[in-house]
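J.: Please find the sequence and the predicted model below.
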Amino acid sequence: MFALSPEEIDAILLSLKVAFWAVAVSLPFGIAIAWLLARKEFPGKAMLDALIHVPLVVPPVVVGYLLLVLLGRNGPVGGWLYETVGVTVAFTWQGAAVAAAVMAFPLMVRAIRLSMEAVDPRLEQAARTLGARPWDVFLTVTLPLTGSGIVAGFILAFARALGEFGATITFVSAIPGETTTLPISLYSLAQIPGREADALRLVIVSVVIAFAAMLASEAIARRVRARISGA
Amino acid sequence: MSLQVDIKRALGDFSVAAEFDCGPGVTALFGPSGAGKTSIVQMIAGLLRPDAGRIAVGETVLFDSAARIDLAPHERRIGYVFQDARLFPHMNVRRNLDYGARRRGGETVAFDLVVETLGIGHLLERRPGALSGGECQRVAIGRALLSAPRMLLMDEPLASLDTARKREIIPFIERMCREIDLPVIYVSHAVDEVLQLADGMVLLRDGGVIAAGPVEDVMNRPDLVRTVGNGDSGSVIGVTVAGVDPEYGIAELSFGGGIFRVTAPDLHAGDTLRIRVRARDVSLALDAPTNVSVLNVFEGTVATVAPSDGPQADVEVRIGDTPIWSRVTRKSRDELGLEPGTRVYAMVKAVALDRPARPR
């Protein structure tokens, strides 16, 4: 019963691809925003913080709809993208990645920010007195010591991106082979009488992937922590 | 190379306004907690910005509010040893030591010399997490030295260590200060550290400089004796070890006014050092005492009697040209009729003397 059909394998691979790109592309932004929130004081900081967290608290459908309005071919950003670079994100797998990235972003920023706030600013001061410029301090002291938080943020966001459903189906619909990620395939199967066994297979696959991601996250974070504390 | 500091900075309801110069050698920045010592050191390093003023090392101006000069910390080349070591936990000792050297391209002190002087050769491959507090502090000193600094700031580097660790690390700091030819600012509120390590001192209170000069001068100034001693006032005397009596474990220390006998079997003839005689360990007599157990009896003249309304009175006795402070009761002062010019015998128990500060 556990032989996966080609469509199912496609859905799994597509999900992994979407989630990976969603997280990989947003990681540098996640680190930058986490650093701003952890280390800097500026006007509008509370607003930025709230804005980042919006996807956590509004219904995912709302986020998907907003993305559609903004990034659709007739939207202000989507229209500009189409006319200048000829790129369309709505109803494509890249669009699915955008939706997943937006939904997973707050989790990523949170994890990185918490771990960055735990880095002792006095170590950064020490680095300054030893001749390191601000960027140098960030790359050689702050970032390495945030390592476990970055790993945790990456994996957490990846798991969230894999499971993304509401914003994705609203923004990019369910186009077979293009945007039918794992949760969307599962949803479709659940609508069809007599496909319970197939749906169950996908459920098991989802659980296994999520579980493996969490285990990997723990293992990597533990190695990073061990590398930092030494001994 | 010398350091000139003249800075002002408000910090909440406290403010620092300090002006002092210091030359080569070790200058202690001395004062009670809350005197502004750390703020001053942070301003020198560029970690705290003065509201106004000027800071210069040799010919290099680090900060000058009038000329709008304010070098960033990484441009100042000031080695800073923090109270809490602040080693990078994700790097081993060698990489910690190299951190500054790599960025400043070149060393003013050779790596091997620093590692050898501080006794950290066997720690190079370890992580800070596996070091003791004293070892961390030694590595931190080495890291600051290897960053090719113009001068070195040491902000109470021993404050977080227990007495045994302090004993272990002081000789390393002492050796290092003698080996390197850099001005060193040593922040401390411990008299014994200052006696042992510093050539000059700047006395601070409430954010301002009360006195500055050679350690003996500042420590013995009549008006400052109480301030310096933190209620445990005394005199500082430079001495030379004349000899050691191994049978009794007594060392003879010669000074301007005679010979001090102290219980210190581990000294060597010819060593020069400082001792501190606490005022409350010095008693006075008008007639030459006979048949007493006290080994140190000096004939001298009362120079000053500090005014006092309390039950105690501080009396400065000159033994030759050396001042020794004695704390007696006001009752004794009046009954003996102690006043400037009175001939007295000052007595100090050999066992009462603080362990002499080590050779300088």
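T.: It's in.
J.: and the residue of the stretch 1-150 of chain B found nearest chain A, how many neighbours?
T.: Chain A sits closest to B:R127 of the stretch 1-150 of chain B, with a gap of 2.2 Å, by C-beta to the nearest C-beta. C-beta coordinates here come from the backbone N, C-alpha and C atoms, glycine included. When neighbours are counted by other C-beta atoms under 10 Å in any protein chain shown, B:R127 registers 21.
J.: What ranges in the chain fall below the confidence cut-off?
T.: Looking at chain A here, since you left the chain open. Chain A contains residues with pLDDT under 70 at A:1-2, A:228-231.
J.: hm, I was asking about chain B
T.: Residues of chain B that meet the cut-off, pLDDT under 70, sit at B:106-109, B:222-232, B:265, B:352-360.
J.: which bits of it sit near chain A?
T.: For chain B, the contact set with chain A under C-beta under 8 Å from any C-beta of the partner chain comprises B:45-47, B:72-74, B:76-80, B:82, B:84, B:86, B:88-90, B:92, B:99-100, B:103-104, B:126-130, B:143-144, B:147-148.
J.: one more time with 6 Å, if that's ok
T.: Selection of chain B residues close to chain A by C-beta under 6 Å from any C-beta of the partner chain yields B:45, B:47, B:73-74, B:80, B:86, B:89-90, B:99-100, B:103-104, B:127, B:129-130, B:147.
J.: Among those, name the buried ones.
T.: B:45, B:47, B:73-74, B:80, B:86, B:89-90, B:99-100, B:103-104, B:127, B:147 (16 or more other C-beta atoms under 10 Å in any protein chain shown).
J.: could those go into CSV alongside distance to B:E193 and secondary structure?
T.: Shown next, in CSV, are those (distance: C-beta to C-beta, whole Å; DSSP: H, G, I helix; E, B strand; the rest coil):
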residue, distance to B:E193, secondary structure
B:A45, 21, helix
B:L47, 23, coil
B:P73, 26, helix
B:H74, 29, helix
B:Y80, 18, strand
B:R86, 20, coil
B:P89, 27, coil
B:H90, 32, coil
B:Y99, 27, helix
B:G100, 25, helix
B:R103, 30, helix
B:R104, 29, helix
B:R127, 29, coil
B:S147, 24, coil
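J.: quick one: which of these is nearest to A:V61?
T.: Nearest to A:V61 among these is B:H90, at 43.3 Å by C-beta to C-beta.
J.: How much space separates that closest one from A:V62?
T.: 42 Å (C-beta to C-beta, to the nearest Å).
J.: Assign the residue of the stretch 201-350 of chain B found nearest chain A to helix, strand or coil.
T.: Relative to chain A, the nearest point of the stretch 201-350 of chain B is B:V202 (20.9 Å; C-beta to the nearest C-beta). Classification of B:V202 by DSSP: H, G, I helix; E, B strand; the rest coil places it in strand.
J.: Might one say that it is in contact with B:E19?
T.: No: B:V202 is not in contact with B:E19 according to C-beta atoms under 6 Å; the separation is 9.8 Å.
J.: Name the residue in the two with the higher neighbour count.
T.: Set B:V202 next to B:E19 and count neighbours by other C-beta under 10 Å: B:V202 wins out with 26 against 15.
J.: residue contacts, B:F30?
T.: Applying C-beta atoms under 6 Å, 6 or more residues apart in numbering or on different chains, one finds that B:F30 lies in contact with B:188, B:194, B:201, B:203.
J.: cutoff 10 Å now
T.: By C-beta atoms under 10 Å, 6 or more residues apart in numbering or on different chains, the contact list for B:F30 reads B:37, B:186-191, B:193-194, B:198, B:201-205, B:210-212, B:215, B:218-219, B:227-228.
J.: about what we covered before: could the buried ones among the residues of chain B next to chain A be laid out in TSV, adding distance to A:P106?
T.: Shown next, in TSV, are those (distance: C-beta to C-beta, whole Å):
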residue	distance to A:P106
B:A45	38
B:L47	34
B:P73	34
B:H74	34
B:Y80	38
B:R86	33
B:P89	29
B:H90	27
B:Y99	35
B:G100	39
B:R103	36
B:R104	41
B:R127	34
B:S147	40
